[in-house]
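> sequence plus predicted model, see below.
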Amino acid sequence: MNQSGTGTIEPAEHILPHATQLQEIPTRTAEIGQGTVIQRALPSRYKRMIGAWCFLDHAGPATFKPGQGMKVGPHPHIGLQTFTWMIEGTVMHRDSVGSEQLIEPGQVNLMTAGYGITHTEVSPESETRMHAAQLWIALPDEQRNMLPKFEHYSQLPVVEKDQLQCTVLVGEFLGQSSPVQVYSPLLGVDLKAREDSRQVFTLNPQFEYGFLVLEGNAQVNGHELHKQNMLVLPPGLEEIELELNKDARLLLIGGAPFETPIVLWWNLVARTSEEIRQAREQWEKHDHRFGNVEGHAGPRLEAPPVPGQMRPAK
């Protein structure tokens, strides 16, 4: 998914009453590809990053006619990893390092852009469903210019806890470790309630956390979580109470605060606006930095104009 969508943020964020440091962030509606509507949680004007997580889209659940699914043409990335968690439906990934991978429910695609990569994301013609979360992970200084690569994870560890199914997407949770390779201290967990569930979980006080509903309804420390908001916790807390209704699904992300301010624009993550402008110019000139995607017949995405001022954010 690319960051070409637009949307309007509605209410301002606020500190919830009677919840120490629990912050509510509104999500916003955006559109990607050809009519695929998503809820965008990160980046927000109120919260740019959670750990190294710098982008979060929740797509679906959606139903469409065959041939009308997501069609995101070739577009570039630098300085980040794209992380796709598929819940329903399928999407074909192709990139400029030669990868061609259909992602199916319960699987993760991880693309490390490093110095530069191009990729496409297209729903098969026969596909009629889409439900996924895509996140971006800002790469630390030591890795942000590494060679690009792609990895597919068909199986992830799952922990059952009192009718709560916990899939460990990134990092460690309840004694299980994800095989997904990242370069910062991070956590990602998909929590699915088979029945009504109320659980208290231990937190890493060095991490900040975000909670986003994927299906149904949930509460965090007694405060409602729905599709139009995300709840954020700063570092320092050691436990959290989660309440999920039957069949509810919740995405939990966390990480140590990212040390280096980043500049995020369009599909690019850098440290300065000059780096962004250079990458955009190279993309527009078909520079070899980004390569080509074989097997895709459609047009490339054109980069929008770079704004005059871009300030680093954390």
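Here it is on my side, so go on. Residues are numbered from 1 along each chain as shown.
> where does the nearest residue to E88 once chain neighbours are set aside land on pLDDT?
Distance criterion Cβ to Cβ, 6 or more residues apart in numbering; nearest residue to E88, sequence neighbours excluded, is H131 at 3.8 Å. The way it works is simple: take the backbone N, C-alpha and C, and place the C-beta from them, glycine included. For H131, the pLDDT comes out at 95.
> export the host helix or strand of H131 as CSV, just CAs?
Applying DSSP states H and E as the criterion places H131 in strand 129-138. Presented in CSV, the C-alpha positions along strand 129-138 are these (Å, rounded to 0.1, in the frame of the first residue of the first chain):
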residue,chain,number,x,y,z
ARG,A,129,-12.2,-9.9,-0.2
MET,A,130,-9.7,-7.7,1.5
HIS,A,131,-8.8,-7.3,5.2
ALA,A,132,-5.3,-6.4,6.1
ALA,A,133,-3.0,-4.2,8.2
GLN,A,134,0.0,-2.6,6.6
LEU,A,135,2.7,-1.0,8.7
TRP,A,136,6.0,0.7,8.0
ILE,A,137,9.0,0.4,10.2
ALA,A,138,11.6,3.2,10.0
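> end-to-end on stretch 97-108?
Terminal residues of stretch 97-108 are spaced 18 Å apart (Cα to Cα, to the nearest Å).
> who touches it?
Defining contact as Cβ atoms under 8 Å, 6 or more residues apart in numbering, one finds that stretch 97-108 is touched by 83-94, 109, 111, 117, 119, 124, 148-150, 152-156, 167, 169, 180, 291, 294-295.
> next one: stretch 178-188
51-53, 81, 83, 85, 108, 110, 135, 137-140, 142-143, 151, 153, 156-157, 168-173, 204, 206-207, 209, 251-256, 258.
> span of that stretch from start to end?
9 Å.
> and if you look at stretch 278-294?
24 Å.
> mind listing what's buried in that stretch?
Using 16 or more other Cβ atoms under 10 Å as the test for burial, stretch 278-294 gives Q278, A279, R280, Q282, W283, R289, F290, G291, V293.
> isn't there a helix covering the third one?
Yes: per DSSP: H, G, I helix; E, B strand; the rest coil, R280 lies within a helix segment.
> does W53 touch I137 like I think?
Yes: if you go by Cβ atoms under 8 Å, W53 and I137 touch, sitting 6.1 Å apart.
> T82 reaches I117, doesn't it?
No: using Cβ under 8 Å, T82 makes no contact with I117, being 9.1 Å away.
> any residues in contact with both of these two?
Shared contacts of T82 and I117 (Cβ under 8 Å, 6+ apart): M111.
> give me the neighbour count for the closest residue in space to E127 that isn't next to it in sequence.
Nearest residue to E127, sequence neighbours excluded (Cβ to Cβ, 6+ apart): G69, at 4.9 Å. Applying other Cβ atoms under 10 Å, we find 25 residues neighbouring G69.
> got the contact list for G69?
Going by Cβ under 8 Å, 6+ apart, G69 touches G33, T36, G89, V91, V122, S123, P124, E127, T128, M130.
> and H119, how many neighbours?
Other residues close to H119 by other Cβ under 10 Å number 28.
> what is the one helix or strand it maps to packed up against?
In the assignment (DSSP H and E), H119 maps to strand 117-122. Using 3 or more Cβ pairs under 8 Å, 6 or more residues apart in numbering; DSSP states H and E, the elements in contact with strand 117-122 are strand 71-77, strand 91-95.
> what comes up buried for the first one?
Think strand 71-77. Neighbour counts over strand 71-77 (16+ other Cβ under 10 Å) mark K71, V72, G73, P74, H75, P76, H77 as buried.
> among the contacts of stretch 97-108, which ones are in strands?
The strands in this structure, assigned by DSSP state E, contain 83-89, 91-94, 109, 111, 117, 119, 149-150, 152-153, 167, 169 from those.
> out of these, which end up buried?
Buried among the ones in strands among the contacts of stretch 97-108 by 16+ other Cβ under 10 Å: 83-89, 91-94, 109, 111, 117, 119, 149-150, 153, 167, 169.
> tell me the SS of the closest residue to N145 other than its chain neighbours?
Closest residue in space to N145, ignoring its immediate chain neighbours: Y115 at 4.6 Å, by Cβ to Cβ, 6+ apart. With three-state DSSP as the basis, Y115 sits in coil.
> can you tell me how far Y115 is from M146?
According to Cβ to Cβ, to the nearest Å, Y115 and M146 sit 7 Å apart.
> again with Q21
From Q21 to M146 the distance is 35 Å (Cβ to Cβ).
> thinking again about what came up before, what's the pLDDT at the residue nearest to E127?
In this prediction G69 is given a pLDDT of 87.
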